[in-house]
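1. pasting the sequence and the predicted model now:
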Amino acid sequence: MKYNEALKYKNESVKKADHSVLENYHIVIVPADTDESARYIADYSKEPDQFKDSSCKEYCSNGEFEVVSFRKEPEAE
């Protein structure tokens, strides 16, 4: 899907998500291409606070995106 569609879908997903899902999972827009998505998720996971929804555009070569969720890393104490 195009970026604007993915953004709308992500925002709807966040609104509908249970509190525990939001607390334990990242819900992000990623490039649809598997290799680009993997690179984006790897970089995002290092510093999630440094990324905005639109950051995924820098990783995408074909303008196609999807919304995914993946478990947050436990914070170091």
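-> Structure's in. What do you need?

2. quick one: contacts for residue 6?
-> 29, 65-67 (Cβ atoms under 8 Å, 6 or more residues apart in numbering). (Glycine included, C-beta is placed from N, CA and C.)

3. with adjacent residues omitted, what lies nearest to residue 22?
-> With Cβ to Cβ, 6 or more residues apart in numbering as the criterion, residue 22 has its nearest non-adjacent residue at 6.9 Å, and that residue is residue 14.

4. I figured that neighbour was touching residue 27, is that so?
-> Yes: Residue 14 lies in contact with residue 27 (Cβ atoms under 8 Å); the separation is 5.7 Å.

5. in the contacts of residue 6, which residue is surrounded by the most others?
-> With neighbours set by other Cβ atoms under 10 Å, the maximum within these is found at residue 65, which has 28 neighbours.

6. now do the contacts for that residue.
-> Here residue 65 is in contact with 1-3, 5-6, 29-32, 56 (Cβ under 8 Å, 6+ apart).

7. check what pLDDT the residue nearest to it when sequence neighbours are not counted gets.
-> Residue nearest to residue 65 in three dimensions, not counting chain neighbours: residue 6, with 4.0 Å by Cβ to Cβ, 6+ apart. At residue 6, the model reports a pLDDT of 98.
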